[in-house]
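K.L.:
need the 3D shape of this:
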Amino acid sequence: MTSDLQRLLTHEADYAEQHRDDPIPPDARATRPNRAKSVMFSLRLVPEEMAEVQALAHDSGIPASALVRGWITQRLAAERSAPTDTAAVVDRIEADVRTLRKLVTS
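P.N.:
Sure, this is the predicted structure:
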C-alpha cells in the first residue's frame, strides 16, 4: 500500500471514529443492496449453542447473524471446490491425517 493511501485511510478511520456517534444527516439514505435478493433462513439451537455463537460474535465485533452467515458461505465455497475424484479425496484425507499427527505429537 502506498504511503499516500495509508495516510488517507488513517485520516478517514480517525475521522469516522471521532464522529461515530454523530446523528445521521436527514438527507442521508440507508441502503441494503442485497436485502431484496436475500432469503430468511431460521434454525434452532440449544441455549448453550446460541450463547457460544453470541460470545464468538461479540469477540469478533460482528452480529451473530453475520458470523453464522460467514460460516455457511465458507462451507458452501468449500463444498463447491471439494474434490470429485477418489484420488483427490484420498490425498485430502492423507493431508488431514498428517496434520492431525502433528497436532497429537506436539
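K.L.:
element containing the most centrally placed residue in the chain, please.
P.N.:
Within the chain, one residue has its C-alpha closest to the average C-alpha position: by C-alpha atoms, centre = their mean, that is Gly70, at 4.0 Å. Per DSSP states H and E, Gly70 falls inside helix 64-80.
K.L.:
mean confidence score for that helix?
P.N.:
Helix 64-80 shows an average pLDDT of 91 in the prediction.
K.L.:
how about it: buried residues?
P.N.:
Of the residues in helix 64-80, those with enough neighbours to count as buried (16 or more other C-beta atoms under 10 Å) are 64, 67-68. C-beta: built from backbone N, CA, C; applies to glycine.
K.L.:
cool, and stretch 25-32?
P.N.:
Going through stretch 25-32 with 16+ other C-beta under 10 Å, nothing comes out buried.
K.L.:
check stretch 40-56 too.
P.N.:
Of all the residues in stretch 40-56, those buried under the rule 16+ other C-beta under 10 Å are Val53.
K.L.:
contact partners of it?
P.N.:
The contact list for stretch 40-56 (C-beta atoms under 8 Å, 6 or more residues apart in numbering) reads 64, 67-68.
K.L.:
go with 6 Å
P.N.:
The contact list for stretch 40-56 (C-beta atoms under 6 Å, 6 or more residues apart in numbering) reads Ala64.
K.L.:
put the alpha carbons of it into PDB.
P.N.:
Once side chains and other backbone atoms are set aside, the C-alpha atoms of stretch 40-56 remain, and they are given as PDB (Å, rounded to 0.1, in the frame of the first residue of the first chain):
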ATOM      1  CA  MET A  40     -34.600 -15.600   5.500                       C
ATOM      2  CA  PHE A  41     -33.400 -18.900   7.000                       C
ATOM      3  CA  SER A  42     -34.100 -19.900  10.600                       C
ATOM      4  CA  LEU A  43     -32.700 -22.700  12.700                       C
ATOM      5  CA  ARG A  44     -33.000 -24.000  16.200                       C
ATOM      6  CA  LEU A  45     -30.100 -24.100  18.700                       C
ATOM      7  CA  VAL A  46     -30.000 -25.100  22.300                       C
ATOM      8  CA  PRO A  47     -29.400 -22.100  24.600                       C
ATOM      9  CA  GLU A  48     -25.800 -23.100  25.200                       C
ATOM     10  CA  GLU A  49     -25.000 -23.200  21.500                       C
ATOM     11  CA  MET A  50     -26.700 -19.800  21.000                       C
ATOM     12  CA  ALA A  51     -24.700 -18.400  23.900                       C
ATOM     13  CA  GLU A  52     -21.500 -19.700  22.300                       C
ATOM     14  CA  VAL A  53     -22.400 -18.100  18.900                       C
ATOM     15  CA  GLN A  54     -23.200 -14.800  20.500                       C
ATOM     16  CA  ALA A  55     -20.000 -14.800  22.500                       C
ATOM     17  CA  LEU A  56     -17.900 -15.600  19.400                       C
END
